[in-house]
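Asks: coords below, sequence missing:
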């Protein structure tokens, strides 16, 4: 039996045992309690949990949430081991090896219901990356995730409401807060700073230069990862959309919430009861940065690569973790000619199907060789890993509006304007609503992103005039300083990030939804909003917080409507918590330690 089969068999056995004993558990609880009173040596150990997050230098918000959670768990009698790991190591432990009980992290991209399917559907259990890292299985939620993907209009909206209620009830992960994106800029040389939270290239093409042809736009970031890896599909990829959009074009791009043609001139959509198809036509004379023509074959290859980075060479497919939700919808890809490709989907509504058009197009002549096996030091997984998922992609070749020029690890990334791009060759060929926004092209020849370690250092470079804007998100602590600088403008917008507490549902008692709901109620989201985010965040009550999909009865109104904090003003109501836990079948020792079940 393979390791994966053994793992799945273990899960089946565990679920079967839990199901068979559920009926008698209530009656046994009282007997066990009396027996433990008589036989002190049979009293179980204190419940211990490991809480993983990153140190403050990597993400001060996640660290503070982790400390608050650990303190509150300790207060109610849980033995907590708070472990801080560098971001790469944390992602390896959580997203690859599943070596955790609880973790705190920022998760990107829950702006649409479709994003919940790879995050929670049981079919993604066992995959690496953000594909159900909670090992969560629930048939009812699976059915709702599948239904909303197929439905349209009001029917879909009702299903998404039901889905949110079920997720909130089961709490496979706890949504904590949606932060604001805080950036700053100067306006002496460049104006019209209008930031896109998801795509840096869309922000940059809107910028206007006060001079006719400026050579370099200097920016600053605290994210050194952009100088270490430029692989958009790496296993430990974080926030790669901002940077990968500089180098890689997609067939379509989200413009004001709608997918509009980009590398494609357009597409024809056809639906039947059994199938949805997209027939996409590419723009003429598209090329990659090295001069190689971009054709429909590259589009087909991209989908194939995302679905299986081994390209069929391994016994089991190795899908790319990023874009997994989108690539998994495609049933087939057919190249009709050099500029035309047909994508077929089953049981997918048109609004969901077009999301596949927003993935980056990868050049086949560069990426095909990355389908070979790779070895990763410190990674313990049962499935094979391909070079495509770990390659640093140090000099990316795409077809986007910028070309790679140079990079110095932990110091800077420099890119050049791609004058062969449509934005410069013929921007009027874009759809009218897109052309109006990007008609002036990019008003500088080169982009230089300098790396610093702190928000204070980033703001120091900005106020001194060494750079013109910040790329990475700034912490709320520097906002007052920005307000005192007359030459600096503050930009605040909703972030696509969601801070979450993830639960490993294969670890007891985290497999118990009552205990996961307890954890949710140990978090004072209003205090976190004020003290951790400085007011620059929205408390989250649903994974879709901040979107139009959240029903009125799940919206924040000073308190969480479903899972209010167990206390007031950050202080816990211990008596109420103990009562809740005892009602859920938990027990305490004589010195109020919470005991293992």
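Replies: Ah, there it is. None of these values were measured; they are calculated from a predicted model.
Asks: what about stretch 82-101, how long is it end to end?
Replies: 11 Å (C-alpha to C-alpha, to the nearest Å).
Asks: Equivalent analysis for stretch 447-467, please.
Replies: End to end - C-alpha to C-alpha - stretch 447-467 spans 11 Å.
Asks: I'd like the distance from it to the chain centre, please.
Replies: Averaging C-alpha positions (C-alpha atoms, centre = their mean, to the nearest Å) puts stretch 447-467 26 Å from its chain's average.
Asks: Then stretch 526-537?
Replies: Mean C-alpha position of stretch 526-537 versus that of the full chain (C-alpha atoms, centre = their mean) differs by 21 Å.
Asks: Give the rounded mean pLDDT of the top strand by length along the chain.
Replies: Longest strand in the chain, counting residues (DSSP state E): strand 173-186. Strand 173-186 shows a mean pLDDT of 94.
Asks: Tell me the first helix or strand C-terminal of that strand.
Replies: strand 190-191 (DSSP states H and E).
Asks: Quick one: low-confidence residue ranges for the stretch 51-200 of the chain.
Replies: 109, 197-198 (pLDDT under 70).
Asks: Please enumerate the strands of it.
Replies: 79-84, 102-108, 173-186, 190-191 (DSSP state E, counting those that start in this stretch).
Asks: before we move on, the earlier item: what angle separates the longest strand of the chain from strand 102-108?
Replies: For strand 173-186 against strand 102-108, the angle by axes from the mean of the first three to the mean of the last three C-alpha atoms, to 10 degrees is 50 degrees.
Asks: To residue 222, which of the strands of the stretch 51-200 of the chain lies closest?
Replies: Nearest to residue 222 among the strands of the stretch 51-200 of the chain is strand 173-186; the distance by C-beta to C-beta comes to 11.6 Å. C-betas here are computed from N, CA, C, even on glycine.
Asks: Which strands and helices lie in contact with that closest one?
Replies: Applying 3 or more C-beta pairs under 8 Å, 6 or more residues apart in numbering; DSSP states H and E, we find strand 173-186 packed against helix 455-464, strand 469-470, strand 488-494, strand 497-503, helix 513-521, strand 537-539.
Asks: List the neighbouring strands of the last one plus their orientation.
Replies: Yep, that's strand 537-539 we're talking about. In the sheet, strand 537-539 lines up against strand 173-186 (antiparallel) (DSSP bridges).
Asks: can I see the domain layout of the protein?
Replies: Following automatic domain parsing, the chain resolves into domains at 1-43, 45-171+504-583, 181-222+401-492, 232-396.
Asks: can you list the ones you listed in a markdown table and add distance to residue 589 and mean neighbour count?
Replies: Shown next, in a markdown table, are those (distance: least, C-beta to C-beta, whole Å; neighbours: other C-beta atoms under 10 Å):
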| stretch | distance to residue 589 | mean neighbour count |
| --- | --- | --- |
| domain 1-43 | 6 | 11 |
| domain 45-171+504-583 | 7 | 19 |
| domain 181-222+401-492 | 41 | 17 |
| domain 232-396 | 35 | 19 |
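Asks: Can you lay out those domains as TSV showing distance to residue 597?
Replies: Compiled in TSV, the domains of the chain are given as follows (distance: least, C-beta to C-beta, whole Å):
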stretch	distance to residue 597
domain 1-43	9
domain 45-171+504-583	6
domain 181-222+401-492	40
domain 232-396	28
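Asks: now the residue positioned nearest the centre of the chain: how far from residue 129?
Replies: In the chain, the centroid-proximal residue (C-alpha atoms, centre = their mean) is residue 108; its distance is 2.7 Å. Per C-beta to C-beta, to the nearest Å, residue 108 is found 12 Å from residue 129.
Asks: now residue 183
Replies: Look at residue 183 and residue 129: by C-beta to C-beta, they are 28 Å apart.
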